[in-house]
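*Asks:* Here you go, sequence then predicted model.
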Amino acid sequence: MYARSTTIQAHPSHIDAGIKHIRDTVMPALADLEGCAGLSLLVDRDTGRCIATSSWMDEDALRGSEGPVREIRDRAAEMFHGTATVERWDIAVLHRDHRSQRGACVRAAWLKVEPGRMTRAVDVYKLVSVPSMQELEGFCSASLMVDHAAGRAVSSVTFDSVDAMNRNRDAAETLRTNGVREMGAEVLEVCEFELAIAHLHVPEMA
């Protein structure tokens, strides 16, 4: 499966209006597009950084949606009073212990992977990192999306609450350090988000 992530640098005072627009307007519009398998929205109210990710059943569906989604994306950016940048990914791993509930949060880590080591990085994440992350307090789900051409990946780990995420921060950092060492990767950035919308209907891929 494939994904398109749109990062909007929103004006903080317009985040709630933007979330409502995504829920009431963007989600129904995407549902009408062939091959769309849902959408999620991450929000950092402190910085205004919002990431909307849509999932697609295959590469043809992703490519075929580019035109219709462009207009939807531009309107969403206007509602957030921000600017948008777009990235496209292969969804390499997804493991869900249970579905998220209201109040869930996400810790995302962007990685740079050495050329030729992406397959190993995916295997390490699937076979080593995910089983370890399942032991973290409040673990809900984990996913890894990759961009083979750019040598980049992003890990997203969902937790039941911000309290749980705060309490497992040190343990998660240790797991992440060990994992990226085995992957031959470099951590570019780690951010924590509110999971404002969780409707990515991606099947188990672990």
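*Replies:* Right, received. Where do you want to start?
*Asks:* Centre-most residue in this protein?
*Replies:* The centroid of the chain falls nearest to S156 when counting by Cα atoms, centre = their mean (5.3 Å).
*Asks:* And the strands in this structure?
*Replies:* 2-9, 36-44, 49-56, 83-96, 105-113, 139-147, 152-159, 185-200 (DSSP state E).
*Asks:* can you put those strands in TSV and add mean pLDDT and distance to E173?
*Replies:* Where you see a C-beta, it was placed from the backbone N, CA and C, and this is true even at glycine. Shown next, in TSV, are the strands of the chain (pLDDT from 0 to 100; distance: least, Cβ to Cβ, whole Å):
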stretch	mean pLDDT	distance to E173
strand 2-9	97	23
strand 36-44	96	19
strand 49-56	97	20
strand 83-96	96	20
strand 105-113	98	10
strand 139-147	97	15
strand 152-159	98	12
strand 185-200	96	8
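*Asks:* Can you lay out those strands as TSV showing distance to A76?
*Replies:* Below are the strands of the chain laid out as TSV (distance: least, Cβ to Cβ, whole Å):
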stretch	distance to A76
strand 2-9	7
strand 36-44	10
strand 49-56	7
strand 83-96	7
strand 105-113	19
strand 139-147	20
strand 152-159	20
strand 185-200	12
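*Asks:* Bridge partners for the residue nearest to the centre of the chain, pull those for me.
*Replies:* When bridges are called by DSSP bridges, S156 pairs up with A108, S143.
*Asks:* right, and it touches S143 too?
*Replies:* Yes - contact criterion Cβ atoms under 8 Å: S156 and S143 qualify, at 5.0 Å.
*Asks:* What's the local residue count around M79?
*Replies:* Close neighbours of M79, defined as other Cβ atoms under 10 Å, add up to 19.
*Asks:* wait, I meant I72
*Replies:* 19.
*Asks:* Relative to C191, how far out is M1?
*Replies:* 23 Å (Cβ to Cβ, to the nearest Å).
*Asks:* And these two? Which one has more around it.
*Replies:* Higher neighbour count among M1 and C191: M1, with 22 against 14, using other Cβ under 10 Å.
*Asks:* which residues touch the closest residue to the more buried one other than its chain neighbours?
*Replies:* The shortest distance from M1 to any non-neighbouring residue, by Cβ to Cβ, 6 or more residues apart in numbering, is to I91 (4.5 Å). By Cβ atoms under 8 Å, 6 or more residues apart in numbering, the contact list for I91 reads M1, Y2, A3, S55, S143, L144, M145, V202, M205.
*Asks:* Go again with 7 Å.
*Replies:* M1, Y2, A3, S55, S143, M145, V202, M205 (Cβ atoms under 7 Å, 6 or more residues apart in numbering).
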